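Could you work out the structure for the sequence below:
(chains A, B and C)
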Amino acid sequence: MQKIFNIQTQGRGTYDISAELNLYVRESGIRHGLCHCFIHHTSASLILCENADPDVRHDLETFMSKLVPDGDPMFIHVNEGEDDMPAHVRSVLTQAGISLPITDGRPGLGTWQSLYLWEHRLNPQQRQITLTLIAG
Amino acid sequence: MQKIFNIQTQGRGTYDISAELNLYVRESGIRHGLCHCFIHHTSASLILCENADPDVRHDLETFMSKLVPDGDPMFIHVNEGEDDMPAHVRSVLTQAGISLPITDGRPGLGTWQSLYLWEHRLNPQQRQITLTLIAG
Amino acid sequence: MQKIFNIQTQGRGTYDISAELNLYVRESGIRHGLCHCFIHHTSASLILCENADPDVRHDLETFMSKLVPDGDPMFIHVNEGEDDMPAHVRSVLTQAGISLPITDGRPGLGTWQSLYLWEHRLNPQQRQITLTLIAG
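Residues are numbered from 1 along each chain as shown, chains lettered A, B, ... in the order given. Alright, predicted model coming up:
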């Protein structure tokens, strides 16, 4: 069972996609198994992150912006601007695909875990995600 | 087939959970397929790491402690102390979920690969892990 | 359905293994499901990366070489040379296993996504990969 959907981002930042995840897992009727989420891009990624205090994602962005600075002169691939290569590096340091357990008909996330799309480009983008659900 | 279990950590460090993995894969009777391990937290993670020389994990800790220093003044989320936000960052830079092949009834790890829970908080914590086994 | 194969690397660098992936997914006859790729080593890893401009992988290598410098005196595990411990760190910061959706009988990669083996050791190595295909 597979579901493909799009998320319109408003530029760099994190976007909670747990609601989509919950919906499609419920629709599938699968009680136990795996839910695999995959983003079809190399300048945006998926992360599991603390969901209670937005400062956590703010600090995560601060950290990543210092680790992989936009416009760093070490980069020669700058076709699409100063955030082009940093977006690719950020994607490699995080993940394009994340699998979650399905337990009792729901994504088996911890209390403080949510699934986020992390847009690494500065400008808004349309991002495609594929969910694949496997019964265990 | 799904198995949920807890690991009690003694604070920051790596904990080999390959024995649990081997046990539950054997119990399942699955000969070929996937074993998905998932940790339900955002301040501890899972890694595959060299298992022969403990210095490797010592050096890994040294590296990560320099990359994401405890108490870094860039962080504003400090509710639970100087290791709070660094633990979240470390988790995002590693993985909450890792899938392994099951081959001939066993986790198909390389000779030098073991699966570790990496506790990122300084204090002991109880951590919950879900294994999901899928026949191929 | 499982397929084990080897890749001979020529030392540090990225090696596109999408062709092997495409071949084995096609051979399996699976129309929808998951394809899990796993590398049985802790000094080489798998990444999804932009495939149009080789400068992207060049810049990625530049970034990683600065983030985890060979011969950094912080490392005490140096048995196999100055690139030994950096290779382990690079592996932990990327991934040993990546799952992809199978859609319409093919790996569901984005237009600009390819799957690469990233060799982190300076010298040539033989690397073993296991593909596990699961029908959805």
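
Neighbouring strands of the longest strand along chain A in the sheet, and parallel or not?
With secondary structure taken from DSSP state E, chain A has its longest strand at strand A:126-135. Strand A:126-135 has its sheet partners listed here by DSSP bridges as strand A:2-8 (antiparallel), strand A:33-39 (antiparallel).

got a markdown table for the ones you listed, with mean pLDDT too?
Shown next, in a markdown table, are the strands paired with strand A:126-135 (pLDDT from 0 to 100):
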| stretch | mean pLDDT |
| --- | --- |
| strand A:2-8 | 97 |
| strand A:33-39 | 98 |
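
Quick check: which of the ones you listed is buried the most?
Ranked by mean neighbour count, these are led by strand A:33-39 with a mean of 25 (mean count of other C-beta atoms under 10 Å in any protein chain shown). Using the backbone N, CA and C atoms, a C-beta is placed for each residue, glycine as well.

Whichever helix or strand comes after it to strand C:44-50, inter-axis angle?
Once the chain leaves strand A:33-39, the next helix or strand it forms, by DSSP states H and E, is strand A:44-50. Here strand A:44-50 runs at an angle of 120 degrees relative to strand C:44-50 (axes from the mean of the first three to the mean of the last three C-alpha atoms, to 10 degrees).

after strand A:44-50, next one along is what?
Counting by DSSP H and E, what follows strand A:44-50 is helix A:54-67.

Okay, buried residues for that following helix please.
For helix A:54-67, the buried set under the neighbour-count rule, 16 or more other C-beta atoms under 10 Å in any protein chain shown, comprises A:Asp55, A:Val56, A:Arg57, A:His58, A:Asp59, A:Leu60, A:Thr62, A:Phe63, A:Met64, A:Leu67.

swap in stretch A:25-32?
Buried residues in stretch A:25-32, counted by 16+ other C-beta under 10 Å: A:Val25, A:Ser28, A:Ile30.

For these, give me TSV that also has secondary structure and distance to A:Gln10.
Shown next, in TSV, are the buried residues of stretch A:25-32 (DSSP: H, G, I helix; E, B strand; the rest coil; distance: C-beta to C-beta, whole Å):
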residue	secondary structure	distance to A:Gln10
A:Val25	helix	26
A:Ser28	helix	29
A:Ile30	coil	32
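
filter the buried residues of helix A:54-67 by proximity to chain B?
The overlap between the buried residues of helix A:54-67 and the neighbours of chain B (C-beta under 8 Å from any C-beta of the partner chain) comes to A:Asp55, A:Val56, A:His58, A:Asp59, A:Leu60, A:Thr62, A:Phe63, A:Leu67.

Pick out the residue nearest the middle of chain A.
By C-alpha atoms, centre = their mean, chain A has its centre lying nearest to A:Leu46, at 2.0 Å.

Identify the spatial nearest neighbour of that one, chain neighbours not counted.
A:Ile98 (4.9 Å; C-beta to C-beta, 6 or more residues apart in numbering or on different chains).

Could you check how far that neighbour is from B:Arg127?
18 Å (C-beta to C-beta, to the nearest Å).

try A:Gln113
Applying C-beta to C-beta, the value for A:Gln113 to B:Arg127 is 13 Å.

Indicate the residue of chain A located nearest to chain B.
A:Gly110 (3.2 Å; C-beta to the nearest C-beta).

Quick check: neighbours shared by A:Gln113 and B:Arg127?
By C-beta atoms under 8 Å, 6 or more residues apart in numbering or on different chains, A:Gln113 and B:Arg127 have these common neighbours: B:His40, B:His41.

what about chain A, any weak spots by pLDDT?
The model of chain A has no residue with pLDDT under 70.

Centre of the chain to stretch A:46-61, how far?
Here stretch A:46-61 is found 12 Å from its chain centre; the criterion is C-alpha atoms, centre = their mean, to the nearest Å.

Pull that stretch out as CSV, backbone CA atoms only.
Taking Å, rounded to 0.1, in the frame of the first residue of the first chain, the C-alpha atoms of stretch A:46-61 are listed here in CSV:
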residue,chain,number,x,y,z
LEU,A,46,13.0,14.1,7.0
ILE,A,47,13.8,14.1,10.7
LEU,A,48,12.3,12.9,13.9
CYS,A,49,12.5,15.7,16.5
GLU,A,50,11.2,16.8,19.8
ASN,A,51,7.7,18.3,19.3
ALA,A,52,6.9,20.1,22.6
ASP,A,53,9.1,23.2,22.5
PRO,A,54,9.5,25.0,19.2
ASP,A,55,12.9,26.3,20.5
VAL,A,56,14.3,22.8,19.9
ARG,A,57,13.8,23.2,16.1
HIS,A,58,15.0,26.8,16.3
ASP,A,59,18.2,25.7,17.9
LEU,A,60,18.6,22.8,15.5
GLU,A,61,18.4,25.4,12.6
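
got the contact list for that stretch?
By C-beta under 8 Å, 6+ apart, the residues outside stretch A:46-61 that reach it are A:12-14, A:16, A:18, A:37-39, A:94-98, A:109, A:112-118, B:42-43, B:74-77, B:79, B:85, B:88-89, B:91-92, B:96-97.
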